[in-house]
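Student: here is my input, please return the structure:
(chains A and B)
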Amino acid sequence: MNSKEMYREHILDLYKNPHNLGTISGATHQNEESNPLCGDCIRVQLIINENRIVNVKFKAEGCAISIASASLLTDKIKGLLIEEVKGFSREDLLKLLGIPVSQARLNCALLPLIAINKALKF
Amino acid sequence: MHMNNIINLKAIKKDFPLLANSKIVYLDNAATTQKPKAVINAIKRFYERENANIHRGLYDLSVKATEKYEEARRIVAEFINAGKNEIIFTRSATESINLLANSLPKLFNGKDEIVLSEMEHHSNLVPWQETAKRFGLKLKFIRVNKNYELSLIDAKRKITNKTAIVSVAHVSNAFGTINDIRNIIKLARKKNAIVVIDAAQSAPHMRIDVNKLDCDFLTFSGHKIYGPTGIGILYGKAELLNKMPPFQFGGDMIKSVTLEKTIFDDPPGKFEAGTQNIAGSIGLGEAIKYINKIGMKNIEKYEKSLLKYAFKKLNNVRGITLYAPLDGVGIISFNLEGIPPHDLASLLNDNGISVRAGHHCCMPMMSNLGIAGTARVSLSFYNTKEDIDSLIEGLNAARKIFK
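Tutor: Numbers count the residues shown, from 1 in each chain, chains lettered A, B, ... in the order given. Purely as a prediction, here's the structure:
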């Protein structure tokens, strides 16, 4: 596939201005995850109150795909119950991204999902 | 000097089937190199007409296979000006270093420090970390200066009477720096330290003479020097190889075996347990014959010219940052403003251009520089000015997409 197809307007916008960037003091859950093959890394922090995700933020260094993915994913899970996030699959994430993701870049897209799943101890 | 005069460019690319049969602009030679027909044919011919196990058979096929295997060893020895029995075939440069990390501690004589550098590839770092853990040794690292070179001043500080081993890269796989290993080896000699040189990124690009260098060990991998994967080289001085315990045990590395006791073979056999990658060694011998025919001096001259051209073109790309020494081999790390290296590599791939992106297996060096990673271009003598022009076009196209 043509990689160009991954870099649609909304992805580039989110890479340049990601939502939910930052840190949370007093986070109840957090996790750092990295992809040793490429150097992408992300730290997610969440505040969970009565099983609901009240707040989520991330800090990341990495490619446009991983950062856009983190932005979309953190937007999606804000306000959800933990159980609702548990069922969130890689296919759901790819649908959320709304772009074709090449085999080589799948790990970039999935990194935030792995980070969040581990933070929530799934 | 006209680049075209040094090497016959049109003929060269035709020798490499993968390049001749596709439009790929292959610029990731530091990761692995493409193979000339001669190498592929030698391996094919071995399996089709010459295949047998070596060193023991009494029939023609086995005797011939043994001759070919030992001839490959001789070719490698001559290539770096070593004695034939000072060349050990391994699986890879990484395995060569693991062999040393495993077998050298016996020779440490109470010295308890290992000196590496901040720019080492993980293969010349992680094995020593394990050795240090196992034997309670201390690791020290020669610093890299702003020109991406090993600091000789710091080397002098770090190499002391406690230093058992100094192990450093001849050429940096991330930046192409050619380190001043002659002087580092001199410093090590003064303190009676064993010196290991990782020549994985230098052997393909320049003449190596282990005699002149006076290093104790030198490693490089076959697949980076136009040979097949699964074969690597360890050079070691005979007197040291004689003293070292084996790394792997089994058949072929023995003189005699009883249930109670085994007498090991002499080097190099002592370090070649089990059936070796016979076809691989023959392929490697053929690869060295191929580049010897072109001439290492010619390869070096040509690649230097091409690198100059590449720098000139790259420096004109808006928003580019180059991480490169002034005078290295054809390895260029860079970043393009606003486009992370991975995304850049993906977009270049759309244009048929193969580059590497990431931390290049030297995470400590990258973090030292404060960068998460770079895109990396690495040249070979089969790359051309046109390849560089395509790269520049690709970079400009990527910039437009990321706007």
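
Student: OK, contacts around residue B:197?
Tutor: Residue B:197 is in contact with B:167-170, B:181, B:185, B:213, B:215, B:217-219, counting by CB atoms under 8 Å, 6 or more residues apart in numbering or on different chains. The way it works is simple: take the backbone N, C-alpha and C, and place the C-beta from them, glycine included.

Student: assign it to helix, strand or coil.
Tutor: Secondary structure, DSSP: H, G, I helix; E, B strand; the rest coil: residue B:197 is strand.

Student: that one and chain A: what is the separation?
Tutor: According to CB to the nearest CB, to the nearest Å, residue B:197 stands 27 Å off from chain A.

Student: measure that residue to residue B:284 for me?
Tutor: Residue B:197 sits 19 Å away from residue B:284, going by CB to CB, to the nearest Å.

Student: repeat that for residue B:263.
Tutor: 30 Å.

Student: show the end-to-end separation of stretch A:42-59, please.
Tutor: Distance across stretch A:42-59, first residue to last, is 6 Å (CA to CA, to the nearest Å).

Student: returning to that earlier point: more neighbours, residue B:263 and residue B:284?
Tutor: residue B:284 (32 against 9; other CB atoms under 10 Å in any protein chain shown).

Student: now do the strands in chain A.
Tutor: A:29-34, A:41-49, A:52-61 (DSSP state E).

Student: out of the ones you listed, the one nearest chain B is which?
Tutor: strand A:52-61 (4.5 Å; CB to the nearest CB).

Student: got a list of contacts for the closest one?
Tutor: By CB under 8 Å, 6+ apart, strand A:52-61 touches A:18, A:20-24, A:39-48, A:66-67, A:70, A:74, A:77-82, A:85, A:112, A:115-116, B:372.

Student: on that earlier part again, among the strands of chain A, which comes closest to residue B:120?
Tutor: strand A:29-34 (20.2 Å; CB to CB).

Student: now do that closest one against strand A:52-61, angle only.
Tutor: 30 degrees (axes from the mean of the first three to the mean of the last three CA atoms, to 10 degrees).

Student: which other residues reach strand A:29-34?
Tutor: A:40-48, A:111, A:114-116, A:118-121.

Student: ok, now stretch A:80-97?
Tutor: Under CB under 8 Å, 6+ apart, the answer for stretch A:80-97 is A:11, A:48, A:51-53, A:65, A:68-69, A:72-73, A:76-77, A:101, A:109-110, A:113, A:116-117, A:120, A:122.

Student: which among those residues count as buried?
Tutor: Buried subset of the contacts of stretch A:80-97 (neighbour count, 16 or more other CB atoms under 10 Å in any protein chain shown): A:11, A:48, A:53, A:65, A:68-69, A:72-73, A:76-77, A:101, A:109-110, A:113, A:116-117, A:120.

Student: my read: residue B:399 touches residue B:339, true?
Tutor: Yes. Counting by CB atoms under 8 Å, residue B:399 touches residue B:339, with 7.0 Å between them.

Student: who's more crowded, those two?
Tutor: Under the criterion of other CB under 10 Å, the comparison of residue B:399 against residue B:339 puts residue B:339 first, with 24 against 19.

Student: tell me which residue lies nearest the centroid of chain A.
Tutor: By CA atoms, centre = their mean, chain A has its centre lying nearest to residue A:70, at 2.6 Å.

Student: residue B:139 and residue B:167, how far apart?
Tutor: 10 Å.

Student: from chain A, how far off is residue B:187?
Tutor: Counting by CB to the nearest CB, the gap from residue B:187 to chain A is 33 Å.

Student: would that residue count as being in a helix?
Tutor: Yes. Using three-state DSSP, the assignment for residue B:187 is a helix.

Student: what's the pLDDT at the closest residue to it other than its chain neighbours?
Tutor: Excluding its sequence neighbours, the residue lying closest to residue B:187 (CB to CB, 6 or more residues apart in numbering or on different chains) is residue B:159, at 5.0 Å. Here the pLDDT value assigned to residue B:159 is 98.

Student: does residue B:159 really touch residue B:166, like I thought?
Tutor: Yes. At 5.9 Å, residue B:159 counts as touching residue B:166 under the criterion of CB under 8 Å.

Student: how about residue B:150, phi and psi?
Tutor: Main-chain torsions, residue B:150, degrees, to the nearest 10: phi -70, psi 130.

Student: check residue B:262 too.
Tutor: Torsion angles, degrees, to the nearest 10, at residue B:262: phi -130, psi 140.

Student: if I look at the closest residue to it other than its chain neighbours, how far off is residue B:245?
Tutor: Spatially, and ignoring its direct neighbours in sequence, residue B:262 is nearest to residue B:254 (5.5 Å; CB to CB, 6+ apart). As for residue B:254, its distance to residue B:245 is 13 Å (criterion: CB to CB).

Student: next one: residue B:90
Tutor: 16 Å.

Student: these two: who's more crowded?
Tutor: Higher neighbour count among residue B:90 and residue B:245: residue B:90, with 25 against 14, using other CB under 10 Å.

Student: quick one: contacts for residue B:36?
Tutor: B:15-16, B:226, B:287, B:290.

Student: helices of chain A, residue ranges please.
Tutor: Secondary structure of chain A by DSSP state H: the helices cover A:9-16, A:64-77, A:82-86, A:90-97, A:106-119.

Student: report pLDDT for the nearest residue to residue B:23 once chain neighbours are set aside.
Tutor: In this structure, residue B:23 finds its nearest non-sequential neighbour in residue B:352, 5.3 Å apart by CB to CB, 6+ apart. Listed pLDDT for residue B:352 reads 96.

Student: can you check residue B:82 too?
Tutor: On the pLDDT scale, residue B:82 is placed at 98.

Student: what residues does chain B have near chain A?
Tutor: Applying CB under 8 Å from any CB of the partner chain, one finds that chain B approaches chain A through B:339-343, B:346-347, B:349-350, B:357-359, B:363, B:366, B:372-373, B:401-403.

Student: among the residues you listed, which ones are buried?
Tutor: Neighbour-count burial (16+ other CB under 10 Å) applied to the residues of chain B next to chain A gives B:339-343, B:346-347, B:349-350, B:357-359, B:363, B:366, B:372-373, B:401-402.

Student: hang on, the earlier thing: give me whichever of the helices of chain A is most buried.
Tutor: Most buried of the helices of chain A, by mean neighbour count (mean count of other CB atoms under 10 Å in any protein chain shown): helix A:64-77, with a mean of 25.

Student: list the residues that contact residue B:254.
Tutor: Applying CB under 8 Å, 6+ apart, we find residue B:254 in contact with B:262-265.

Student: and those residues, which of them are buried?
Tutor: Burial by neighbour count, judged by 16+ other CB under 10 Å, picks out B:264-265 from the contacts of residue B:254.
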